[in-house]
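Student: with the input below, show me the fold.
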Amino acid sequence: MAKKYLKYGGVRFINNATPEQINSFVNNLSDEERHSLYNVVSILEREGLISLVEGDTTTIDSNMQEFLVPNDEPDFNSRH
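Tutor: This is a model prediction of the structure:
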């Protein structure tokens with residue numbers, strides 16, 4: 001099974017429920033409960049719908065890797 005990471009946060013997680021069950025659960029949360037991804041993830045973990053994998057995080061979006069520019073290049077600041 002492919003590893004899954006939260007797109008905004010980089011924390012690896014494992015589904016303990018189907019994506020449909022998770023989506024349904026999230027759709028039934030109040031606006032206040034859905035105010036942030038952190039809050040939604042915390043609720044999903046607390047309810048046992050997902051498990052977070054401690055110590056396995058990523059900050060690189062593989063879809064964007066080709067656009068990454070090292071910030072230590074001499075002309076980095078002149079481009080941004």
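
Student: could you look up the SS state of the nearest residue to Ser51 once chain neighbours are set aside?
Tutor: Computed as C-beta to C-beta, 6 or more residues apart in numbering, the closest residue to Ser51 that is not its neighbour in sequence is Ile14, at 4.7 Å. Using the backbone N, CA and C atoms, a C-beta is placed for each residue, glycine as well. Here Ile14 is recorded as strand under DSSP: H, G, I helix; E, B strand; the rest coil.

Student: I'd assumed Val53 was in contact with Ile14.
Tutor: Yes - in this structure, Ile14 is within contact of Val53 by C-beta atoms under 8 Å, at 6.5 Å.

Student: rewinding a little: what is the burial count for the residue nearest to Ser51?
Tutor: For Ile14, the number of neighbouring residues by other C-beta atoms under 10 Å comes to 11.

Student: cool, the one 10 residues further on as well?
Tutor: Neighbourhood size, Ser24 [other C-beta under 10 Å]: 11.

Student: and it, how close does it get to Leu49?
Tutor: 10 Å (C-beta to C-beta, to the nearest Å).

Student: okay, strands next: where are they in the protein?
Tutor: Secondary structure of the chain by DSSP state E: the strands cover 4-5, 11-15, 50-57.

Student: contacts only, for the closest residue to Asn39 other than its chain neighbours.
Tutor: Of all residues not flanking Asn39 in the chain, Glu33 sits nearest, at 6.3 Å (C-beta to C-beta, 6+ apart). By C-beta atoms under 8 Å, 6 or more residues apart in numbering, the contact list for Glu33 reads 39-40, 43.

Student: okay, the residues you listed in JSON lines with neighbour count and pLDDT next?
Tutor: Putting the contacts of Glu33 into JSON lines (neighbours: other C-beta atoms under 10 Å; pLDDT from 0 to 100) gives the following:
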{"residue": "Asn39", "neighbour count": "13", "pLDDT": "90"}
{"residue": "Val40", "neighbour count": "17", "pLDDT": "92"}
{"residue": "Ile43", "neighbour count": "16", "pLDDT": "96"}
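
Student: how about TSV for the residues you listed, with distance to Leu29 added?
Tutor: Shown next, in TSV, are the contacts of Glu33 (distance: C-beta to C-beta, whole Å):
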residue	distance to Leu29
Asn39	9
Val40	7
Ile43	7
